[in-house]
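Trainee: need a 3D model of the sequence below.
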Amino acid sequence: MELLQEQKRKVEAEMKKLEAMGGSVGGRFTKMRDSAFARFPIVFVFLSTFGLIATFYGLEKMIDQIDYLHDKPYLIFLLGVSFLASTGALYKKLN
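Mentor: Numbering: from 1, shown residues only. Sure, this is the predicted structure:
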């Protein structure tokens with residue numbers, strides 16, 4: 001019984017060391033990320049905008065390739081709203 005408690009204390013001590021290391025490494029990456037964004041804000045804005053637009057455009061092209069949905073914009077709209085409602089309900093339930 002005493003051996004089990006000693007092992008448990010060792011494991012907890014090692015876990016605390018790992019958590020401390022993770023915090024210091026995470027802080028370094030945060031500083032590096034913040035400094036890169038501060039130096040090149042326009043580049044990050046353009047890249048983020050391009051990524052968002054490319055995602056929407058790609059989804060639009062994928063939907064256009066589905067023959068059943070090609071000529072039914074109302075059905076696409078209803079599907080989109082139902083997906084948003086279901087993910088919102090799931091998020092609310094899991095929260």
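Trainee: after the worst-scoring helix or strand of the chain on mean pLDDT comes which helix or strand?
Mentor: Comparing helices and strands within the chain by mean pLDDT, DSSP states H and E singles out helix 2-39 as the least confident, with a mean of 71. Remark: after helix 2-39, the chain's next helix or strand is helix 41-64, criterion DSSP states H and E.
Trainee: helix or strand next in line after that following helix, which one?
Mentor: Later in the chain than helix 41-64, the nearest helix or strand by DSSP H and E is helix 67-70.
Trainee: next, the buried residues of that next one.
Mentor: The neighbour-count check on helix 67-70 (16 or more other C-beta atoms under 10 Å) flags nothing as buried. Yep, even glycine has a C-beta here, placed from its N, CA and C like the rest.
Trainee: just checking, what packs against that helix?
Mentor: Helices and strands touching helix 67-70, as assessed by 3 or more C-beta pairs under 8 Å, 6 or more residues apart in numbering; DSSP states H and E, comprise helix 41-64, helix 73-94.
Trainee: and the last one, what does it pack onto?
Mentor: The reference is to helix 73-94. With contacts taken as 3+ C-beta pairs under 8 Å, 6+ apart, helix 73-94 sits against helix 67-70.
Trainee: avg pLDDT for the helix it packs on?
Mentor: Within the predicted structure, the mean pLDDT of helix 67-70 is 87.
Trainee: touching that helix from outside, list them.
Mentor: Counting by C-beta atoms under 8 Å, 6 or more residues apart in numbering, helix 67-70 makes contact with 63-64, 75-76, 79, all of which sit outside it.
Trainee: so which of these comes closest to Ser48?
Mentor: When those are compared for distance to Ser48 (C-beta to C-beta), Ile63 comes out closest, at 23.2 Å.
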